[in-house]
Structures are given as C-alpha cells and as structure tokens.
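# Sequence isn't available, so here's the structure alone:
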Ligand SMILES: [Zn+2]
C-alpha cells in the first residue's frame, strides 16, 4: 500500500513539474511568423519553386503556397492544374506534407479589373462574377490535389469588400493581403481573418538583399509590439532566380540565413491556416523536425487567438508603402 502511495505521489510530482515547466515559459506573448509564396502555377519553371520549398523542408519551417488555378493560356479550358504533368506530380507529392499549406491566389491572376492602387483581378467586379471565379478556382485545387484551400490571397494584394464577402461565403477563413486599399481593414469578416504581409525578395540582386535587411528591421519592431502576434513574409519563388532564369543559390542562401535569424529570436513559425506550427525554444537544433514530427508539434500548440492590432497595422502600413516604392510589384511570369 505504501508503495502505491509513493508511486502516486511521484506521478503527481512529475505531472506538477511538467505543468510548471510549460507554465513558467510564456511570460512573453507568443510571436508567430508566417511565410507566403505567391504565384505557384502550372506551366512555369518548377526548379525555383522546388528550391525554396526545400529550404522550408530543411529548416522545418512551414509555408503557405498561393496557387493560381487558371493562369491565362491561349485556348486553355478545363482544370489547368491537371494539365501540366510535372507540376501536378510535384504538387501532389507535397500536398500531404504538413509544412505546406495549399492556398488560393486568385483564379486567373489577370489584370482585368484595375484598382486605384494598381492591377487587380477582382476590384469593382459584381459579386456573382467574383464569387464564381473564386469558387471555380477553389474547386480546381480540390480536384487536382484533394485539398480545399481555406486561405485566399488576392493577386497583387488588390481587391475590394466584395472579394472579401465572396471569399468568406465560400468558406475561406483567412484572407491575406496588404494595405493597398485604404478601405480594407484588418480584423474579421464573417469569421474570416484578414491579415497583411511584408514582401521580401526581388529579381534584382541589390533590391533582393535590401528587402531582407528591411525584413529584419520589421521583425525587430514586431517583436517589441505588444499588439502584434503574427507577422507574414510574402515572397515569389520566381524571384529566387538569376538573370538567366536559373535558381540563384545566393538568394536561396539569403532566405536560409533570414530563417536562421528568425530562429535566434525564438519565434514560432505557422502556416496561415494555423494547422502547423513549428519552432520556438524547443526547436533550437538546426536539424529540427520535418514531416510527422511537425504535425505533432503543431498539435501540441493550441491555435492562438489572433490579435490583428492597430499597432501592427501601422507597422505594416509604414513598411509596406516603403516596400512598394523600392521593390517591383508581384508579377507572375506566365508564358
Ligand atoms: Zn501574384
């Protein structure tokens, strides 16, 4: 009987210790970093996409892939995501990897409805037209990869309230854009979270490096901002190329270094849909988790309550506008 009592006591002690160690940690609010890779589309060069994705695999850091379901091609009908064999095979091979979120980046990504802030696929179009285009793209992604996207990213970050209402009605829970339209505010709309991001990378080498340095400054401000819990870095895989269109290893290295810089800050890394979270102090080793381990880590960390605060909005506003002046707008390279 005594032994049982001692055993129970020891078990109780062990439980208390483990609870204490997890409770003792979060004296500081958790800080989340999300990466977003735009313009993932069929009939484009796969190498740079695979190269940047490999960085995320090696680093154990998730990324949300903004897929263009139906890029403009001469006489192309049907689901284009099924029509580029190597693209379909590659995307299918990573669809179940918890590091990769399949998000939707417009439908055609054509500038058919220019906004006051620049090119747009959706701005000012009637609700039914926007709804049907987004719905078709969502269905195409589901058909091609068996994944229903829940994050919507309007092309060029330009859209309107109608776009947001249509996306919310179609079940999207995350809407990632930036401050290009003054009347769009961060927060929630019909259960859909609206967030912004900071763009890194550029085709020009000097501009590329400059955005990384700016991103480090943005990170430092984000870390001391008590109202901001999530910072999104958006990039385009096609910017990780040299003048010949080949994968630029120096740019790839800069992304790796930037992620290593973020790791020294003890941040957590999340997909925009929040279903995978990695990093933090427990992932200090460079060979941090991939695959199943990531899923386990993700499940251990509760989905955070999001505070898309006004201070972070100001932060994004300042740096976002500086960024827009110095770097090229996201422009898909479709042949
Ligand atoms: Zn784009």
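Yes, it's here. None of these values were measured; they are calculated from a predicted model.
# who's in contact with the closest residue to residue 167 other than its chain neighbours?
For residue 167, ignoring the flanking residues on the chain, the nearest one in space by C-beta to C-beta, 6 or more residues apart in numbering is residue 152 at 4.4 Å. The C-beta positions use only the backbone N, C-alpha and C, and glycine is treated the same way. By C-beta atoms under 8 Å, 6 or more residues apart in numbering, residue 152 lies in contact with 103-104, 134, 167, 172, 174-176.
# Return the closest of those residues with respect to residue 81.
Nearest to residue 81, judged by C-beta to C-beta, of the contacts of residue 152 is residue 104 at 11.0 Å.
# Now name the helix or strand holding the closest residue to that closest one other than its chain neighbours.
Distance criterion C-beta to C-beta, 6+ apart; nearest residue to residue 104, sequence neighbours excluded, is residue 149 at 4.2 Å. Under the criterion DSSP states H and E, no helix or strand holds residue 149.
# Now that residue 149 has come up, it's in contact with residue 68, right?
No - counting by C-beta atoms under 8 Å, residue 149 sits too far from residue 68 to count as a contact (11.7 Å).
# Can you get me a residue count around residue 191?
9 (other C-beta atoms under 10 Å).
# And it, how far from residue 173?
Plainly put, residue 191 is 7 Å away from residue 173 if you go by C-beta to C-beta, to the nearest Å.
# Give me the phi and psi for the nearest residue to residue 155 once chain neighbours are set aside.
Excluding its sequence neighbours, the residue lying closest to residue 155 (C-beta to C-beta, 6+ apart) is residue 106, at 4.0 Å. Per-residue torsions, residue 106: phi 70, psi -160 (degrees, to the nearest 10).
# For the stretch 1-150 of the chain, just list every one of the strands.
32-40, 63-67, 100-104 (DSSP state E, counting those that start in this stretch).
# Quick check: which of those strands is buried the most?
Mean neighbours per residue, mean count of other C-beta atoms under 10 Å, is largest over those for strand 63-67, with a mean of 28.
# That strand pairs with which strands, parallel or anti?
Under the criterion DSSP bridges, strand 63-67 sits next to strand 32-40 (parallel), strand 100-104 (parallel) in its sheet.
# will you turn these into JSON lines that also has distance to residue 264 and mean pLDDT?
Output for the strands paired with strand 63-67, formatted as JSON lines (distance: least, C-beta to C-beta, whole Å; pLDDT from 0 to 100):
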{"stretch": "strand 32-40", "distance to residue 264": "12", "mean pLDDT": "97"}
{"stretch": "strand 100-104", "distance to residue 264": "24", "mean pLDDT": "98"}
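# Verify the stated contact: residue 242 with residue 204.
No - counting by C-beta under 8 Å, residue 242 stays clear of residue 204, with 10.9 Å between them.
# Helices along the stretch 151-300 of the chain, start to end?
Using DSSP state H, counting those that start in this stretch, the helices of the stretch 151-300 of the chain run over residues 161-169, 205-224, 249-264, 292-300.
# for the third one, packing partners?
Under the contact criterion of 3 or more C-beta pairs under 8 Å, 6 or more residues apart in numbering; DSSP states H and E, helix 249-264 touches helix 47-59, helix 205-224.
# and stretch 199-206, how far from the chain's centre?
For stretch 199-206, the separation from the chain centroid amounts to 18 Å (computed by C-alpha atoms, centre = their mean, to the nearest Å).
# If you could redo that for stretch 208-215, that was the one I meant.
That offset, for stretch 208-215, works out to 18 Å (C-alpha atoms, centre = their mean).
# Tell me the buried residues in it?
By 16 or more other C-beta atoms under 10 Å, the buried positions in stretch 208-215 come out as 208, 210-212, 214-215.
# Those residues also near the ion: which ones?
The subset of those within reach of the ion, by C-beta under 5 Å from the ion, is empty.
# Now pLDDT too, for those residues, in CSV please.
Formatted as CSV, the buried residues of stretch 208-215 follow (pLDDT from 0 to 100):
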residue, pLDDT
208, 96
210, 96
211, 96
212, 97
214, 95
215, 96
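# give me every residue that touches residue 96.
Applying C-beta under 8 Å, 6+ apart to residue 96 gives no contacts.
# List phi and psi for it.
Dihedral pair for residue 96: phi -100, psi 0, per degrees, to the nearest 10.
# From the centroid of the protein, which residue is nearest?
Nearest to the mean C-alpha position of the chain, by C-alpha atoms, centre = their mean, lies residue 36 at 2.8 Å.
# what about the closest residue to that residue other than its chain neighbours, how many neighbours?
Using C-beta to C-beta, 6+ apart and skipping residues adjacent in sequence, the residue nearest residue 36 is residue 234, 4.3 Å away. Residues near residue 234, counting by other C-beta under 10 Å, number 24.
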